[in-house]
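S.K.: sequence first, then the predicted structure, then my questions.
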Amino acid sequence: MRLFLLLTGLLLLAAAALFLALENEPRVRAEHRLSLQDVDRIKSLIQQNNPRRLQQGQQQRMTLTERDVNLLLNYLFDRYPALAAHARLGAQTLTLEMSLELPLAGLPRYLNMTLLLSQEGRQLSLRRLAMGRLQLPSGLAQWLMELAHGILQRQLKPYGELVKAVEDYHFEADRISLAYRWQPGLLGELRAESGKWLFSQRDKDRLIAYTNRLAAVTYPMDPRRPVSLFRLLQPLFQLAAERSHQGNDAQSENRALLLAFAIYLSGSDIRRLLPQEMRSALKRPRWLRVTLRERYDLMQHFMVSAAITVSAGGGLADAMGLFKELDDSRGGSGFSFADLLADRAGVRLAELAVGSPRSARELQRRMLRADSEADIMPPIDHLPEGIMELEFKRRYRDLDSASYRLVETEIERRIARCRVLRALD
């Protein structure tokens, strides 16, 4: 009888906790639009804090505004549309709010969490952990944070090394200041570990399969002659369709296909992502000069954006495409709407590739029926190119101006007319 009462009490307690934790509306909504100032800020942060430029043991100080932190959170979670986060910085405090949409029928669908971190010297204390209207005791919250921190340090060696690299930090109103001492060996550590925690065993098998298909396709080709991106991409999607028909997950197949292809095009060695015992099964594709619309730069924009999208979300790929174009306008080849079109086309292809089981299978079917690269990349005629920064600002003012939006609308119209990239019915 006592056991029955205990179990009943625990169930009632769990039900009450669930009732208090879930809410009808999210407290945080994801923000995906970057302003011109945001893109410039990202560029500045990358330039100022590139660890490759530091000498061994050199200390570097980095300052992030509250807006910087939220930009990072926004694009970190871009791949997970059900999750949104927002940070607020204060004097020696960091408040993090998160909203998670749950697939619940007949119940409130949102789990809203609030974490209040307090800085005490070099130590962080979790002063508050709330889920909806349910607030955990501060002692329990602190214990949970320390438990998670310990697990991450034991299971992810790069996490522990990164924690040790941070020597000092300060939370201030609207900004956080970090002092870190970068060891060049940490980059190698991250590379060595990346394959272990970024790719499952099945993902590694998929990477091998698509790399080997690339080897079979490229081996008979003449390396002295450029080849259209489409000629290499279509047989890879043929393999993806075959493997999906055999019961494999179409989204996972498409993701592995695009990542393996992007690694090949970048000239990187895919073997570093694989354990030693798997490398013997890998064949080496022949290196070819791959083009899109007879241009090498358009191929780069298309595939880099596609690879970023399947890895980190379409918003991040759009942001990086804009960043590259704005950087070119400062003295390189200039801002190019043709390049931006290739960025967006690559994003659209990748969104179809991994967006849903239906879109993944439909993209495979469309790629098998496609006739030429015109089905995946619209024409670039009459799009402005080579615009320098001052001219760009004079003509388009910023990324929200009516003139810029007009060209963006034309870009989207051209993409929508591509047989492979058009929206699902």
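M.R.: In hand now; what should we look at?

S.K.: tell me which element the closest residue to Leu421 other than its chain neighbours is part of?
M.R.: Nearest non-adjacent residue to Leu421, counting by Cβ to Cβ, 6 or more residues apart in numbering: Arg348, 4.7 Å away. Any C-beta I mention is one placed from the backbone N, CA and C, and that applies to glycine too. Element membership for Arg348, per DSSP states H and E: helix 337-354.

S.K.: which helices and strands does the helix or strand hosting Trp143 pack with?
M.R.: Using DSSP H and E, Trp143 sits in helix 138-155. If contacts are counted by 3 or more Cβ pairs under 8 Å, 6 or more residues apart in numbering; DSSP states H and E, helix 138-155 sits against strand 123-131, helix 157-165.

S.K.: quick one, helices of the stretch 251-400 of the chain?
M.R.: Ranges of helices in the stretch 251-400 of the chain, per DSSP state H, counting those that start in this stretch, are 296-312, 314-328, 337-354, 357-369, 389-396.

S.K.: okay, and for the chain, where does confidence drop off?
M.R.: Low-confidence regions of the chain, defined by pLDDT under 70, span residues 1-21, 31-44, 46-47, 49-57, 75-81, 156-159, 182-199, 312-335, 384-406.

S.K.: domain ranges for it?
M.R.: 23-188, 199-416 (automatic domain parsing).

S.K.: in TSV, list the ones you listed along with mean neighbour count and distance to Arg422.
M.R.: Formatted as TSV, the domains of the chain follow (neighbours: other Cβ atoms under 10 Å; distance: least, Cβ to Cβ, whole Å):
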stretch	mean neighbour count	distance to Arg422
domain 23-188	15	22
domain 199-416	18	6
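
S.K.: make JSON lines out of the ones you listed and add distance to Asp425.
M.R.: Formatted as JSON lines, the domains of the chain follow (distance: least, Cβ to Cβ, whole Å):
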{"stretch": "domain 23-188", "distance to Asp425": "22"}
{"stretch": "domain 199-416", "distance to Asp425": "9"}
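
S.K.: and those domains: which comes nearest Leu424?
M.R.: The minimum distance between Leu424 and the domains of the chain falls on domain 199-416, with 5.9 Å, by Cβ to Cβ.

S.K.: and Arg206, what does it touch?
M.R.: Taking Cβ atoms under 8 Å, 6 or more residues apart in numbering, we find Arg206 in contact with 243, 252-253, 256-257, 260.

S.K.: strands of this structure, residue ranges please.
M.R.: 22-23, 59-65, 83-90, 93-101, 110-120, 123-131, 134-136, 166-172, 175-181, 227-228, 290-291 (DSSP state E).

S.K.: closest to Lys283 out of the helices and strands packed on helix 138-155?
M.R.: With Cβ to Cβ, the closest approach to Lys283 among the helices and strands packed on helix 138-155 belongs to helix 157-165: 30.0 Å.

S.K.: isn't Leu229 up against Ala374?
M.R.: No. Using Cβ atoms under 8 Å, Leu229 is not in contact with Ala374, being 11.8 Å away.

S.K.: next, the closest residue to Arg417 other than its chain neighbours: phi, psi?
M.R.: Setting aside the residues directly before and after it, Arg417 is nearest to Pro378 in space (Cβ to Cβ, 6+ apart), at 6.8 Å. Backbone dihedrals for Pro378, given as degrees, to the nearest 10, come out at phi -70, psi 170.

S.K.: and the gap between Pro378 and Asn70?
M.R.: Plainly put, Pro378 is 34 Å away from Asn70 if you go by Cβ to Cβ, to the nearest Å.

S.K.: how far does stretch 240-259 sit from its chain's centre?
M.R.: Counting by Cα atoms, centre = their mean, to the nearest Å, stretch 240-259 is centred 20 Å from the centre of its parent chain.

S.K.: start and end of that stretch, how far apart?
M.R.: With Cα to Cα, to the nearest Å as the measure, the ends of stretch 240-259 fall 13 Å from one another.

S.K.: which of the strands of the chain sits closest to Glu277?
M.R.: Closest approach to Glu277 among the strands of the chain (Cβ to Cβ): strand 290-291, 30.7 Å.

S.K.: which strands or helices does the closest one pack on?
M.R.: Other helices and strands packing on strand 290-291, by 3+ Cβ pairs under 8 Å, 6+ apart, are strand 227-228, helix 229-245, helix 296-312.

S.K.: strand partners of it, parallel vs antiparallel please.
M.R.: Applying DSSP bridges, strand 290-291 is found paired with strand 227-228 (parallel).

S.K.: ok, residues contacting the partner strand?
M.R.: For strand 227-228, contacts defined as Cβ under 8 Å, 6+ apart pick out 221, 288-292, 372-373.

S.K.: which residues are contacting stretch 136-148?
M.R.: By Cβ under 8 Å, 6+ apart, stretch 136-148 touches 124-130.

S.K.: list just the nearest of these to Thr95.
M.R.: Thr95 lies nearest to Arg128 out of the contacts of stretch 136-148, by Cβ to Cβ, at 8.4 Å.

S.K.: before we move on, back to that, out of the helices and strands packed on helix 138-155, flag the one nearest Arg272.
M.R.: Counting by Cβ to Cβ, Arg272 lies closest to helix 157-165 out of the helices and strands packed on helix 138-155; the figure is 14.7 Å.

S.K.: I'd say Pro357 and Ser252 touch.
M.R.: No. Under the criterion of Cβ under 8 Å, Pro357 is not in contact with Ser252, lying 10.2 Å apart.

S.K.: returning to what we had before: in JSON lines: the helices and strands packed on helix 138-155, plus distance to Met299.
M.R.: Output for the helices and strands packed on helix 138-155, formatted as JSON lines (distance: least, Cβ to Cβ, whole Å):
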{"stretch": "strand 123-131", "distance to Met299": "45"}
{"stretch": "helix 157-165", "distance to Met299": "32"}
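
S.K.: which of those sits closest to Leu214?
M.R.: helix 157-165 (29.3 Å).

S.K.: so the spatially closest residue to Gln59 that is not a sequence neighbour versus Arg225, what's the distance?
M.R.: Closest residue in space to Gln59, ignoring its immediate chain neighbours: Arg181 at 4.9 Å, by Cβ to Cβ, 6+ apart. Using Cβ to Cβ, Arg181 is found at 49 Å from Arg225.

S.K.: now swap in Ser266 and tell me
M.R.: 21 Å.

S.K.: please apply the same query to Arg366.
M.R.: In terms of Cβ to Cβ, Arg366 sits 27 Å off from Arg225.

S.K.: got it, and Thr65?
M.R.: Thr65 is 50 Å from Arg225, by Cβ to Cβ.

S.K.: swap in Leu140?
M.R.: As defined by Cβ to Cβ, Leu140 lies at a distance of 66 Å from Arg225.
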